[in-house]
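Asks: with the sequence up front, the predicted model follows.
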Amino acid sequence: MERYEIVKCLEDFKTRLNELEKALDLPQVELEKAKLEEKTYQANFYEDQRKAKEVLQKLKYYNEILKQDQDLNSKISDLAVFLELFDAGEDVIGEIIKEIDYIEDTLKDFEIEILLNKEYDDAGVIMELHPGAGGTEAQDWAEMLFRMYTMYCEKKGFKMNILDYQDGDEAGIKSVTFEVDGEKAYGLLKSEHGVHRLVRLSPFDSNARRHTSFCSCSVIPKMTDFEEIEIKPEEIRVDTYRSSGAGGQSVNTTDSAVRITHLGTGIVVQCQNERSQIQNREKALEVLKAKLYQLKEEKRQEKLDQLIDVSINSFGSQIRSYVFHPYRMVKDHRTNYEELENNANDVMNGNIDGFINSFLKSKYNVR
């Protein structure tokens with residue numbers, strides 16, 4: 001490794017860490033940490049177990065962030081010292097390479113950790129997939145995306161639970177609603193909110209023509225506190241029906257599935273995955289409250305992207321294209337991040353971290 005390469009790495013590390021510290025607002029973190037610590041000293045702190053747990057989790061996060069920042073600053077200073085020793089003729093190239101590798105890996109982890117500190121990022125998530133016009137081709141595309149997210153959740157160790165699944169006419173799915181729980185689930189998956197576009201040779205076209213299909217993906221944070229959301233019985237219509245699973249098989253011989261329509265907004269939610277009608281009703285109400293909470297936030301902020309960072313107003317607002325003919329490429333139109341050829345195939349197997357990370361970095365203008 002040449003001297004100019006070491007200098008370049010050192011300057012790059014300093015710049016990246018400085019950008020992250022600005023995005024994080026370290027003085028504010030120190031202030032928030034002090035406030036939370038003061039709460040833990042109160043005699044009645046553990047009376048509300050849920051709130052106490054939230055405070056302790058937030059305090060742990062702040063402590064970890066500050067420790068990582070101190071560690072990185074220390075390692076970057078060590079690298080500067082090694083450079084001075086290198087200039088003095090000392091044989092420290094092995095130590096320098098080791099320090100550079102450590103800082104690079106740690107900095108990457110730190111970048112993602114900091115980028116996931118927005119409101120709701122710690123929450124679980126409710127996701128919905130709805131195919132656009134195009135019949136079987138679009139419904140098959142919806143099922144492909146569902147498989148992609150299923151595999152992503154498996155890789156991350158996230159818990160995934162299907163709330164409602166509607167089979168397609170011939171293949172694929174008409175719609176699917178599912179919840180995902182895991183560390184930073186919403187913070188990571190919010191990047192997927194929008195319209196996804198597929199271009200390929202359709203396996204359902206006997207003439208093997210190229211088709212373009214669309215599928216909308218809705219991503220809503222699961223809220224733990226719905227004190228502001230009150231749903232009166234007269235504000236909703238509840239319908240029950242017989243549930244069915246993937247492939248059309250009967251899941252239950254009774255009308256256990258529940259569909260709730262919020263009359264004021266027209267929002268419709270369905271749940272059929274639980275064992276009883278009561279459980280399905282409770283879960284459907286939970287999803288409805290999450291949607292109403294999101295709607296309230298959107299009106300309060302006046303712009304949808306202030307809550308979820310992206311727009312899903314129409315099938316014209318595509319966030320990502322998946323092209324499999326005449327070449328293979330998956331490209332995010334918000335960040336211009338792309339994967340080509342074999343890597344494009346890997347994307348459909350749940351390897352979407354590159355797209356998620358580039359989206360998060362773009363929101364903070366982090367390289």
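Replies: Structure's in. What do you need? Numbers count the residues shown, from 1 in each chain.
Asks: which residues are in contact with stretch 89-99?
Replies: 1, 6, 75, 78-79, 82-83, 85-86 (Cβ atoms under 8 Å, 6 or more residues apart in numbering). In short, each C-beta sits where N, CA and C put it, glycine included.
Asks: N273: which of these is nearest?
Replies: Nearest to N273 among these is K75, at 47.6 Å by Cβ to Cβ.
Asks: what's the burial count for V269?
Replies: 24 (other Cβ atoms under 10 Å).
Asks: A344 now?
Replies: Neighbour tally, A344, other Cβ under 10 Å: 19.
Asks: now do the contacts for the residue nearest to it when sequence neighbours are not counted.
Replies: Leaving aside its sequence neighbours, A344 sits nearest to R328 (Cβ to Cβ, 6 or more residues apart in numbering; 4.2 Å). R328 is in contact with 340-342, 344-345, counting by Cβ under 8 Å, 6+ apart.
Asks: repeat that for 7 Å
Replies: 340-341, 344-345 (Cβ atoms under 7 Å, 6 or more residues apart in numbering).
Asks: and what of K75?
Replies: Per Cβ under 7 Å, 6+ apart, neighbours of K75: 99, 102-103.
Asks: do the same with P221
Replies: 120, 123, 125, 186.
Asks: identify the farthest-apart pair in the residues you listed.
Replies: For the contacts of P221, and using Cβ to Cβ, no pair is farther apart than Y120 and V125, which are 9.0 Å apart.
Asks: need the overlap of contacts for the two.
Replies: Joint contacts of Y120 and V125 (Cβ under 7 Å, 6+ apart) are 186, 221.
Asks: out of those two, which sits in the more crowded spot?
Replies: For Y120 and V125, the more surrounded residue by other Cβ under 10 Å is V125, and the numbers stand at 25 against 18.
Asks: count of neighbours near the nearest residue to that one once chain neighbours are set aside?
Replies: Leaving out its chain neighbours, the residue that sits closest to V125 by Cβ to Cβ, 6+ apart is Y186, at 4.4 Å. Around Y186 sit 25 other residues, with neighbours defined as other Cβ under 10 Å.
Asks: wait, isn't Y186 in contact with E119?
Replies: No. The criterion here is Cβ atoms under 7 Å, and Y186 misses it with E119 at 9.8 Å.
Asks: what about dumping the CA coordinates of the host helix or strand of S216 to CSV?
Replies: In this assignment (DSSP states H and E), S216 forms part of strand 210-221. Backbone C-alpha positions of strand 210-221 (Å, rounded to 0.1, in the frame of the first residue of the first chain) are rendered in CSV as follows:
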residue,chain,number,x,y,z
ARG,A,210,-42.3,-8.7,-23.6
HIS,A,211,-44.7,-7.4,-20.9
THR,A,212,-44.5,-4.6,-18.4
SER,A,213,-46.3,-5.2,-15.0
PHE,A,214,-46.7,-3.1,-11.9
CYS,A,215,-47.3,-3.9,-8.2
SER,A,216,-47.8,-1.4,-5.4
CYS,A,217,-46.2,-2.0,-2.1
SER,A,218,-47.6,-0.3,1.0
VAL,A,219,-45.4,-0.1,4.1
ILE,A,220,-47.0,1.1,7.4
PRO,A,221,-45.3,1.1,10.8
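Asks: in its sheet, what does the following helix or strand past it sit against?
Replies: Downstream of strand 210-221, the next assigned helix or strand under DSSP H and E is strand 236-241. Using DSSP bridges, strand 236-241 pairs in its sheet with strand 257-262 (antiparallel).
Asks: next SSE after the strand it pairs with?
Replies: strand 268-271.
Asks: tell me the buried residues in that following strand?
Replies: Going by neighbour count (16 or more other Cβ atoms under 10 Å), the buried part of strand 268-271 is 269-271.
Asks: any weak-confidence spans in this structure?
Replies: Along the chain, the model assigns pLDDT under 70 to residues 224-228, 244-254, 300-316, 364-367.
Asks: just the helices in it please.
Replies: Using DSSP state H, the helices of the chain run over 3-24, 26-40, 49-87, 93-115, 136-156, 185-189, 277-301, 305-308, 341-347, 353-363.
Asks: and the nearest residue to L20 once chain neighbours are set aside, how far from G187?
Replies: With sequence-adjacent residues excluded and distances taken as Cβ to Cβ, 6+ apart, L20 is closest to I114, at 5.2 Å. The spacing between I114 and G187, counted by Cβ to Cβ, to the nearest Å, is 11 Å.
Asks: likewise for D69?
Replies: 19 Å.
Asks: with neighbour numbers in mind, choose between these two.
Replies: Per other Cβ under 10 Å, whichever of D69 and G187 has more neighbours is G187, with 22 against 18.
Asks: who's in contact with the more buried one?
Replies: Contacts of G187 (Cβ under 7 Å, 6+ apart): 116, 118, 121.
Asks: just checking, the last one touches Y186?
Replies: Yes. D121 lies in contact with Y186 (Cβ under 7 Å); the separation is 5.9 Å.
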